[in-house]
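Engineer: Need a 3D model of the sequence below.
(chains A and B)
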Amino acid sequence: MDLENQKRIKELTEEYGAGNIVVLLGAAEGEASGIAAETVTAGDPTFAGPLTGVPLGLSVYHVCEEEVKAEYDPGVYDEQVSMMEMVLDIDEITDEMNSIRQLVVKH
Amino acid sequence: MSILEGKKVIVIGDRDGVPGPAIALCAESAGAEVIFSTTECFV
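Structural biologist: I've put the predicted structure just below:
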């Protein structure tokens, strides 16, 4: 994940508290989703950014996962995301997200 | 229990996937407050 974004996420978590924050991802495939999810839960797996060794433990979902999808206005989702959803491998993304969440999420 | 309603949301969109502004609109439609939104290239 972009180093500047890691810094912002760290600052926002300090400001609002980890339990009040949910991270939503729009990554194009499972591996990228997993790396981003790991970065905001266990810490930066690439050991490059400000979140290296910083386990924020944030709640994190991909925008297309069923749990969060059920909460959007369906019209907004249709207009904004459904076209992309058709070309994404949602099963692969969901599997990756579940595996990261089971490992590390605290909040 | 709601995942998004009343929460502060950080949006990390992807240039090759779903862009930040699209995700932010979805989150807001679910009653969340978007506190940061960006669109990355994950490569």
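Engineer: So which bits of chain A are right by chain B?
Structural biologist: Contact residues (C-beta under 8 Å from any C-beta of the partner chain) of chain A with chain B: A:1-2, A:5, A:8-9, A:12, A:16, A:20-29, A:32, A:35-36, A:40, A:58-59, A:61, A:63-64, A:67-68, A:71-73, A:76-77, A:80-81, A:84-85, A:88. Every residue, glycine included, has its C-beta placed from N, CA and C.
Engineer: could you flag which of these are buried?
Structural biologist: A:1-2, A:5, A:8-9, A:12, A:20-29, A:32, A:35-36, A:40, A:58-59, A:61, A:63-64, A:68, A:71-72, A:76-77, A:80-81, A:84, A:88 (16 or more other C-beta atoms under 10 Å in any protein chain shown).
Engineer: So what sits opposite the residue most central in space within chain B in the bridge?
Structural biologist: Computing the C-alpha centroid of chain B and ranking residues by C-alpha atoms, centre = their mean puts B:Val11 first, at 3.4 Å. Applying DSSP bridges to B:Val11 gives these bridge partners: A:Leu24, B:Ser37.
Engineer: Apart from its neighbours in sequence, what residue is nearest A:Thr46?
Structural biologist: Once flanking residues are discounted, A:Thr46 sits nearest to A:Ile35: 7.3 Å by C-beta to C-beta, 6 or more residues apart in numbering or on different chains.
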